[in-house]
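> build me a model from this:
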Amino acid sequence: MSLSSTSSRQPESLARRARLPNAALTLEHALAIALANNPNVVGERWKVEAAEARKRQASSEHWPSLELFAAYRHHWHEERLAPARGQTPPSLSHDIFAGDVVLTVPLLSGGKVVSSVAASELLADAAEQRLARTREELVFNVKSTFYAVLGQEEVIEAIQQSAEALTEHRENTVLLIEAQKAARVDLLNIDVRLAELDYRRIKQQGSVELHKRLLLGLLGAEAAPPGGLTLAGTLEPRQSAPDAVKLSAAAIGNRADIAQLDLEIEAQAKRIGAIRAEYLPVVAAKGTYGSRLSVQGEYEDLGFVGVELHMPIFDGFETPARIEEQQAELRVLEQRRRRLVLTIREEIDSAVIQVKTAQAAVAVTEKSILTARESLRITRDKAALDYGTAADVLDAQAALLQAETAHSAALAELNTAFALLDLAVGGTS
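Take a look at the predicted model:
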């Protein structure tokens, strides 16, 4: 399933609309529900929203600012309402009400704002990549759990078929005992085997229920549908032979976590540039208009328009220390990326080995099932002709069940191994 075809930013209402069906749940439907409902994915979507908001905050530094100031001041000595102008007598008062409107337009910041905006944009993109990787991991977890349930349900079906065959064999054994052609101990042995099968069935059903509970959690569902959670699908063998070398090369370009780190590294470099820009002057156009009012009713208008220059001279070595700190953080990110590349190669090698091992197991167990079925047929025919024993039939039936159980497990492992390979590559293998 390609994640790129689905928008990574989905509205929260979609999670409320995604509901478990009353009918059997297919893998495709399960993935759609999980991607809409899973709390980890929904949480990462909100992190993307937060990153977008931070980007807008950084971009606001480009815009002019308009502020309103108001104050009341009581002075110990009388103060002027406004600076002296010509020969006009000054207006003095102990109590002054002041109000100003201030407009500031940034003209030059030495690249600080540009670098901050660029860093916030890169981090917003990194949040998108982190969301994409979370979705990929969720897809793998849903697939592996889904396949585990399908495999266990196939085992339960094999157990039930084996129990039905043994029940039929028991009925034949009763007839043979009545005809004095079989011993009663054969009937006891069959009953023991039936009890063992019943125990295995109950144990397997418990495992299925636990995996279904895990799947419900991945789907973000609080409870199963009224009729219980039923899965639809089959475990199919896949014959493709993956090439670890080619997949490793493709993974570096596909993996969302690699892209996330690349963006974070670039953003960190922009942060360092923004701090370095603090060495440079900041220039802004500024204008104010305000008024002053005394309790005696005297009134004056004030205002100015001009250009302000802020030039840092010495800050106690704070800026160099901050640059060194951010440079160290940059080196940490670079090493994290290097470690991730090595990990990706290990993950792909491991997944390829698991795929090939599971493929071999599927092929072997398919042959084992054919052999066990033929052996059971021959053993039954021999027992019917008094050339074999009831114990031989029980052993042949157990061997068939073992082969079918191993085949179901191998199919589940094979499908899970391909899902793991998809996760390691960061897409569809």
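
> quick check: F146 vs T88, distance?
According to CB to CB, to the nearest Å, F146 and T88 sit 88 Å apart. Yep, even glycine has a C-beta here, placed from its N, CA and C like the rest.

> those two: which is more packed in?
Set F146 next to T88 and count neighbours by other CB atoms under 10 Å: F146 wins out with 27 against 8.

> just the helices in the stretch 1-150 of the chain please.
For the stretch 1-150 of the chain, the helices defined by DSSP state H, counting those that start in this stretch occupy 12-17, 27-37, 39-59, 112-178.

> would TSV of the ones you listed with distance to I265 and mean pLDDT be doable?
Shown next, in TSV, are the helices of the stretch 1-150 of the chain (distance: least, CB to CB, whole Å; pLDDT from 0 to 100):
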stretch	distance to I265	mean pLDDT
helix 12-17	31	45
helix 27-37	28	93
helix 39-59	16	94
helix 112-178	9	92
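
> dump the ones you listed to CSV, plus distance to R331.
Formatted as CSV, the helices of the stretch 1-150 of the chain follow (distance: least, CB to CB, whole Å):
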stretch, distance to R331
helix 12-17, 38
helix 27-37, 36
helix 39-59, 23
helix 112-178, 17
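
> of all those helices, which lies closest to L187?
helix 112-178 (5.4 Å; CB to CB).

> and the angle for the closest one with helix 39-59?
Helix 112-178 runs at 170 degrees relative to helix 39-59, counting by axes from the mean of the first three to the mean of the last three CA atoms, to 10 degrees.

> mind giving me the packing neighbours of helix 112-178?
Judged by 3 or more CB pairs under 8 Å, 6 or more residues apart in numbering; DSSP states H and E, the packing partners of helix 112-178 are helix 27-37, helix 39-59, helix 184-219, helix 256-276, helix 390-425.

> tell me the mean pLDDT for the last one?
Taken as a whole, helix 390-425 has a mean pLDDT of 91.

> check the fourth one too.
In this model, helix 256-276 carries a mean pLDDT of 94.

> quick check: angle from that helix to helix 112-178?
Relative orientation of helix 256-276 versus helix 112-178 (the same axes, to 10 degrees): 160 degrees.

> helix or strand right after helix 256-276?
For helix 256-276, the following helix or strand on the C-terminal side (DSSP states H and E) is strand 282-294.

> dump that next one to PDB, restricted to CA.
Extracted C-alpha coordinates of strand 282-294, given in PDB (Å, rounded to 0.1, in the frame of the first residue of the first chain):
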ATOM      1  CA  VAL A 282      19.300  45.800  13.100                       C
ATOM      2  CA  VAL A 283      17.700  48.700  11.300                       C
ATOM      3  CA  ALA A 284      14.000  49.600  11.600                       C
ATOM      4  CA  ALA A 285      11.800  52.500  10.600                       C
ATOM      5  CA  LYS A 286       9.700  53.700  13.500                       C
ATOM      6  CA  GLY A 287       6.900  56.200  14.000                       C
ATOM      7  CA  THR A 288       4.800  57.200  16.900                       C
ATOM      8  CA  TYR A 289       1.800  59.300  17.600                       C
ATOM      9  CA  GLY A 290       0.400  60.000  21.000                       C
ATOM     10  CA  SER A 291      -1.100  62.500  23.400                       C
ATOM     11  CA  ARG A 292      -0.600  63.700  26.900                       C
ATOM     12  CA  LEU A 293      -3.300  64.900  29.300                       C
ATOM     13  CA  SER A 294      -3.100  66.400  32.700                       C
END
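
> please renumber the chain so that the first residue is 630 from this point on.
Done: numbering now begins at 630, and the last item shifts to strand 911-923.

> what residues of that strand count as buried?
Across strand 911-923, burial judged by 16 or more other CB atoms under 10 Å covers 911-913, 915, 917, 919-923.

> and the angle for that strand with helix 741-807?
Angle of strand 911-923 versus helix 741-807, following the same axes, to 10 degrees, is 100 degrees.

> helices or strands next to whatever helix or strand comes next after strand 911-923 in the packing?
The element immediately downstream of strand 911-923 (helix or strand, assigned by DSSP H and E) is strand 928-939. Judged by 3+ CB pairs under 8 Å, 6+ apart, strand 928-939 is in contact with strand 911-923.

> averaged pLDDT, the strand it packs on. What do you get?
Computed over strand 911-923, the mean pLDDT rounds to 90.

> and it, which strands flank it?
Taking DSSP bridges as the criterion, strand 911-923 forms sheet pairs with strand 721-737 (antiparallel), strand 928-939 (antiparallel).

> surely D930 meets L922?
No - D930 is beyond contact range of L922, at 10.5 Å (criterion: CB atoms under 8 Å).

> measure E757 to A661 for me?
Separation of E757 from A661 (CB to CB): 20 Å.

> those two: which is more packed in?
Legend: neighbour count by other CB under 10 Å for E757 and A661, higher for E757 (21 against 16).

> my guess is the more buried one contacts E678, does it?
No - judged on CB under 8 Å, E757 makes no contact with E678 at a distance of 10.9 Å.

> Y1016 - that's part of a helix, no?
No - inclusion of Y1016 in a helix is not indicated when DSSP: H, G, I helix; E, B strand; the rest coil is applied; the result is coil.

> model confidence for it, exactly?
Taking Y1016 on its own, its pLDDT is 73.

> okay, now it: neighbour count?
So Y1016, with other CB under 10 Å, has 11 neighbours.

> kindly report the same for E782.
E782 has 19 neighbours, counted by other CB under 10 Å.

> wait, doesn't it sit right on L860?
Yes - counting by CB under 8 Å, E782 sits close enough to L860 to count as a contact (7.4 Å).

> mind giving me a markdown table with the helices and strands packed on helix 741-807 and columns for distance to S722?
Formatted as a markdown table, these follow (distance: least, CB to CB, whole Å):
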| stretch | distance to S722 |
| --- | --- |
| helix 656-666 | 66 |
| helix 668-688 | 41 |
| helix 813-848 | 71 |
| helix 885-905 | 46 |
| helix 1019-1054 | 75 |
